[in-house]
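# Please find the sequence and the predicted model below.
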Amino acid sequence: MTIGRMFRSGAAAAAAAGLAVALVFAGSTPASAIFGGTTSGVLRGQVNIWADDGDSYLCTGTLIGQRWVLTAKHCFYGEDTDSLQIWTGDRRPKYGEGVPVIGWAGHDKYDVAIVELQWSVRNVQLIAKYNANSLLKTGIQVAVRGWGRDQPNVPSSAPTSSLRVCSMKVDGSAVDEMRLTPVDGIPQQGDSGAGVWQGDRVYGIYYATTGLSYGHATQTSVVAGWIEAMTDIPGVS
């Protein structure tokens, strides 16, 4: 399936930016960098997403197919789709393989987006699986990996020099939402769109942080049907 120009343009996304308020809890901010945590020793489908033809770092995403990335919708508000690109295959930002973006589509209700790439990535071993059915129970420990600032409230959009990871615990789990508490770190502004990992798959799409106390993610199971309809890639049970 190719959706291409049916994806939002930068202008359309800017017009929709007002919807972001409904997607983020009061007192929360879009997530973008891991505070605490450690340098990640592994790469599990993570991609770094850039705007302005690679000059401006945006977000983290998860490669779920050779031409498809799962991430957060608010990452693209006000961005020119023609200038977007992703980098995959290396824990360092803008190393590995760079691929331009055809476009993106956002879910109507949740802060979730699918990004379509102009060509297939070469290394299929990087492709990650996403969960389609079950919910993570309260108390389960998960991992979130991403690039970006590793200190809160620092006025810089530059990513860290290598992929970072933090452990979090599921504090509350509902049909569409999971609330996470930090174990050894918490994403901050810049790691939006990162996958919430447990075991061999992604269970959530991280999109917001409340101070240094809580993180918020959308359960992939609630949007699995939409993801498959957009990409022809089914989730796993």
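Nice, thanks for sending it over. Numbers count the residues shown, from 1 in each chain.

# what about the helices in the chain?
For the chain, helices defined by DSSP state H occupy the ranges 10-15, 20-23, 220-231.

# for the residue nearest to residue 233 when sequence neighbours are not counted, what are its contacts?
With sequence-adjacent residues excluded and distances taken as Cβ to Cβ, 6 or more residues apart in numbering, residue 233 is closest to residue 65, at 4.7 Å. All C-beta spots, glycine's among them, are computed from the backbone N, C-alpha and C. Counting by Cβ atoms under 8 Å, 6 or more residues apart in numbering, residue 65 touches 127, 231, 233.

# right, and the last one touches residue 68 too?
Yes: the pair residue 233 and residue 68 qualifies as a contact (Cβ atoms under 8 Å) at a distance of 6.3 Å.

# So what touches stretch 166-181?
34, 36-38, 110, 135-144, 182-187, 196, 203-204, 206, 213-219, 221-222.

# For the chain, give me the ranges with low pLDDT.
Across the chain, the ranges flagged by pLDDT under 70 are 1-35, 148-157, 189.

# mind listing what residue 69 touches?
Counting by Cβ under 8 Å, 6+ apart, residue 69 has contacts 47, 49, 61-63, 86, 114-115, 117.

# So which of the residues you listed wins on neighbours?
If you count neighbours using other Cβ atoms under 10 Å, the busiest of these is residue 47, which has 31 neighbours.

# buried set for stretch 44-62?
Buried positions in stretch 44-62, judged by neighbour count with 16 or more other Cβ atoms under 10 Å: 44-51, 57-62.

# out of these, who's nearest residue 75?
residue 59 (3.9 Å; Cβ to Cβ).

# Just want the phi and psi numbers for the residue of the chain positioned farthest from its centre.
Centroid-distance maximum for the chain: residue 139 at 22.4 Å, with Cα atoms, centre = their mean. The phi and psi values for residue 139, taken as degrees, to the nearest 10, are phi 100, psi -10.

# Tell me who's in contact with it.
Residue 139 neighbours (Cβ under 8 Å, 6+ apart): 169-170.

# Now render the buried residues of stretch 44-62 as a markdown table, adding distance to residue 97.
Formatted as a markdown table, the buried residues of stretch 44-62 follow (distance: Cβ to Cβ, whole Å):
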| residue | distance to residue 97 |
| --- | --- |
| 44 | 16 |
| 45 | 13 |
| 46 | 13 |
| 47 | 10 |
| 48 | 11 |
| 49 | 14 |
| 50 | 13 |
| 51 | 18 |
| 57 | 17 |
| 58 | 18 |
| 59 | 18 |
| 60 | 16 |
| 61 | 14 |
| 62 | 16 |
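
# among those, which are in strands?
Judged by DSSP state E, those include 46-51, 57-62 as members of strands.

# What sits closest to residue 50 if chain neighbours are left out?
Spatially, and ignoring its direct neighbours in sequence, residue 50 is nearest to residue 85 (5.2 Å; Cβ to Cβ, 6+ apart).
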